[in-house]
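> From the sequence below, what's the structure:
(one chain, ligands or ions: 1)
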Amino acid sequence: MASNKVDEVLRSLERMAECRYLPIIGPVRGKVLTDLVRRAKPRRVLEIGTLLGYSTILMAKELGSEAEIITIEIDEDEAELAKENTRKAEVKPRIRVLVGDALDVIPNLEEGFDLVFLDAAKSKYFECLKLLENKLNKGSLVVADNAGIFAFSMREYLDYVRNSGKYRSRFIEVDRDGIEVSIRL
Ligand SMILES: C[S@@+](CC[C@H](N)C(=O)[O-])C[C@H]1O[C@@H](n2cnc3c(N)ncnc32)[C@H](O)[C@@H]1O
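Residues are numbered from 1 along each chain as shown. Reported below is the predicted structural model:
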């Protein structure tokens, strides 16, 4: 029953995003994200860039009630919609939608994230990562969307995760775009 509910909400958000040209991760790149979450089984997840809560729900669907997802959204109206959508999806993890600029919110978060999903302003990925780096556990995953089409805006971020020696990083090409997946060493 819960699985039907969550799928119903996901399909309706996909339709809404298509009609309103909203930049959700969508089912194709979303499959890469859900596979990563299913394998890693993170207990604490941080998402930056909530929009409607679509990717939040995709991740939550893979996790149990012991998991917590904190998601940050700068736009108050989108954050309200996301709260409503995550509630309707009846997923098991606790979901906290925080409203504000991720750069202001991150420093106030408790440390100990097992997975971070970066999906807000691409040019801010590096700054976000630097702010949250000391809140990552060893072996945590940092997943950055749009590392194909926005590689230029993310250049500093991609250079850092690929060459700093602090991460093992790989690019997964998908859906004429890609996702950078970096493991904190
Ligand atoms: C690509 S959308 C997120 C899509 C969502 N992750 C999904 O796949 O369903 C990017 C979102 O990031 C939000 N955003 C942009 N800059 C932000 C910031 N500095 N802090 C928090 N959220 C931000 C935007 O308002 C927008 O809703």
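> Any stretches of this structure with poor pLDDT?
Within the chain, the stretches with pLDDT under 70 are 1-3.
> any chance you could map the helices in this structure?
Ranges of helices within the chain are 2-20, 26-40, 54-61, 76-89, 102-105, 125-132, 155-163, based on DSSP state H.
> Residue numbers of the protein in contact with the ligand?
23-25, 48-49, 51-52, 54-55, 72-75, 78, 101-103, 119-121, 124 (CB under 6 Å from any ligand atom). (Each C-beta comes from the backbone N, C-alpha and C, glycine too.)
> which of the residues you listed are buried?
The neighbour count (16 or more other CB atoms under 10 Å) marks 24-25, 48-49, 51-52, 54-55, 72-74, 78, 102-103, 119-121, 124 as buried among those.
> Make TSV out of the helices of the chain and add distance to D145.
Below are the helices of the chain laid out as TSV (distance: least, CB to CB, whole Å):
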stretch	distance to D145
helix 2-20	14
helix 26-40	7
helix 54-61	8
helix 76-89	16
helix 102-105	14
helix 125-132	9
helix 155-163	12
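> Single out the most deeply packed of the ones you listed.
Counting by mean count of other CB atoms under 10 Å, helix 54-61 has the highest mean neighbour count of the helices of the chain, with a mean of 25.
> now that one and helix 2-20, what's the angle there?
Interaxial angle, helix 54-61 versus helix 2-20 (axes from the mean of the first three to the mean of the last three CA atoms, to 10 degrees): 170 degrees.
> Contacts for helix 54-61, please.
Here helix 54-61 makes contact (CB atoms under 8 Å, 6 or more residues apart in numbering) with 3, 6, 9-10, 13-14, 17, 24-25, 30, 33-34, 37, 45, 47, 50, 67, 69, 71, 82, 85-86, 89, 91-93, 95, 97, 115, 117, 119.
> Now, the buried ones among the residues of the chain next to the ligand that are in strands?
48, 72-73 (DSSP state E).
> so the most centrally placed residue in the chain bridges to which residues?
The centroid of the chain falls nearest to F117 when counting by CA atoms, centre = their mean (2.9 Å). Beta-bridge partners recorded for F117 (DSSP bridges): E47, V143.
> quick one: it from N4, how far?
Distance, F117 to N4, by CB to CB, to the nearest Å: 25 Å.
> what's the answer for P93, then?
18 Å.
> do the same with L109
Distance, L109 to N4, using CB to CB: 33 Å.
> so V174 makes contact with G26?
No - counting by CB atoms under 8 Å, V174 does not reach G26; the two are 10.3 Å apart.
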